[in-house]
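Enquirer: after the sequence you'll find the predicted model.
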Amino acid sequence: MVHKEKEKTAMTTKNKVTKDSLIGDVINSSPEAKKIIEKYFGNGCFTCPGIKVETIAFGAMMHNVDPARVITEINGMEEKNEG
């Protein structure tokens, strides 16, 4: 019974993006994040197969961007959309 309650909570609670979030997962779970990813990393990410295995931190490093900046902007957009 407890397991089902946790499962229900997990389904209704949106996870925050972290430096370890995969770029592809972020884009798939939040299509609005695509604009932010493109802003910081360029549009080449969307055709690169690496988005399935590369994290926000890795993308930020490759594009000389502070990962905290990208994460803050994506999570801020998510909170704004939920509110």
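Expert: Ah, there it is. Being a predicted model, the structure only gives us computed values, none of them experimental.

Enquirer: which other residues reach the helix or strand that Glu78 is a member of?
Expert: Using DSSP states H and E, the element containing Glu78 is helix 67-82. Defining contact as CB atoms under 8 Å, 6 or more residues apart in numbering, one finds that helix 67-82 is touched by 14, 16-19, 21, 26, 30, 32-33, 36-37, 40, 56-57, 59-61. The way it works is simple: take the backbone N, C-alpha and C, and place the C-beta from them, glycine included.

Enquirer: which other helices and strands does the host helix or strand of Gly59 contact?
Expert: Assigned by DSSP H and E, Gly59 belongs to helix 56-62. On a contact count with 3 or more CB pairs under 8 Å, 6 or more residues apart in numbering; DSSP states H and E, helix 56-62 meets helix 23-29, helix 33-41, helix 67-82.

Enquirer: re the thing from before, just the buried ones from the contacts of helix 67-82, in PyMOL syntax?
Expert: Entered in PyMOL, the line below selects the buried ones among the contacts of helix 67-82, by 16 or more other CB atoms under 10 Å:
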select buried, resi 17+21+26+30+33+36+37+40+56+57+59+60
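
Enquirer: where does this protein dip in pLDDT?
Expert: 1-14, 83 (pLDDT under 70).

Enquirer: how far off centre is stretch 69-82?
Expert: Put simply, stretch 69-82 sits 9 Å off its chain's centre (CA atoms, centre = their mean, to the nearest Å).

Enquirer: may I see the buried residues of it?
Expert: So for stretch 69-82, counting by 16+ other CB under 10 Å, buried means 70-71, 73-75, 77-78.

Enquirer: can you check stretch 49-67 too?
Expert: Within stretch 49-67, judged by 16+ other CB under 10 Å, the buried ones are 51, 54-60, 67.

Enquirer: could I get these in a markdown table, plus columns for distance to Gly44?
Expert: Formatted as a markdown table, the buried residues of stretch 49-67 follow (distance: CB to CB, whole Å):
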| residue | distance to Gly44 |
| --- | --- |
| Ile51 | 10 |
| Glu54 | 12 |
| Thr55 | 16 |
| Ile56 | 16 |
| Ala57 | 18 |
| Phe58 | 14 |
| Gly59 | 10 |
| Ala60 | 15 |
| Pro67 | 18 |
